[in-house]
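[1] requesting a structural model of the entry that follows:
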Amino acid sequence: MHNWLVDGEDALLLDEGVVAVEVPAGWAGEVSHQLRSAGPLGPILAVAGARIRWLFLAEYEPEPAQRYVLPPDVRCWDGPRRLETGALRWVVAPGRSALPTVGAVRCAIRTVRRSLL
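    Model prediction:
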């Protein structure tokens, strides 16, 4: 099982093997819905700021041969790392279920982005 830690209320500590995918809050709820219908929905954090964004925590997996390019407003960080975030709150608190793979999160993003265009 992978670990992460909210350090105070302004940083996220990611262990090796954990990925944080940042999605704008305006359409992150749809990504969450897509993930829930496809399998496990891992922890999600909301990051306050000028633009609220959600961090989807996922399990690392090697990049596929045909790499999916993330939209310009989506960012991805691999652990181990300390992510300076500003104020955080749980949208989906950590549970006992497995983390989705980062590929599943990318697939949900791709599905939602297609419906928005």
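
[2] quick check, residue 85 in contact with residue 11.
    Yes - taking Cβ atoms under 8 Å as the definition, residue 85 is a contact partner of residue 11 at 5.9 Å. Every C-beta, even on glycine, is put in place using the N, C-alpha and C of the backbone.

[3] okay, the two: which has more neighbours?
    Neighbours per residue (other Cβ atoms under 10 Å) separate residue 85 from residue 11, with residue 85 holding more: 21 against 14.

[4] and the more buried one, how far from residue 39?
    Taking Cβ to Cβ, to the nearest Å as the measure, residue 85 falls 26 Å from residue 39.

[5] try residue 106
    13 Å.

[6] bridged to the one residue sitting closest to the centre of the chain, which residues?
    In the chain, the centroid-proximal residue (Cα atoms, centre = their mean) is residue 56; its distance is 1.8 Å. When bridges are called by DSSP bridges, residue 56 pairs up with residue 21, residue 44.

[7] report the helix or strand with the lowest average pLDDT across this structure.
    One helix or strand of the chain scores below all others by mean pLDDT, DSSP states H and E: strand 4-7, with a mean of 68.

[8] next SSE downstream of that strand?
    strand 11-14 (DSSP states H and E).

[9] just the helices in this structure please.
    25-38, 102-116 (DSSP state H).

[10] which other residues reach the last one?
    What that stands for is helix 102-116. Helix 102-116 is contacted by residues 19, 21, 23, 27, 30-32, 34-35, 38-39, 56, 58-61, 64, 68, 70-71, 74, 76 when judged by Cβ atoms under 8 Å, 6 or more residues apart in numbering.
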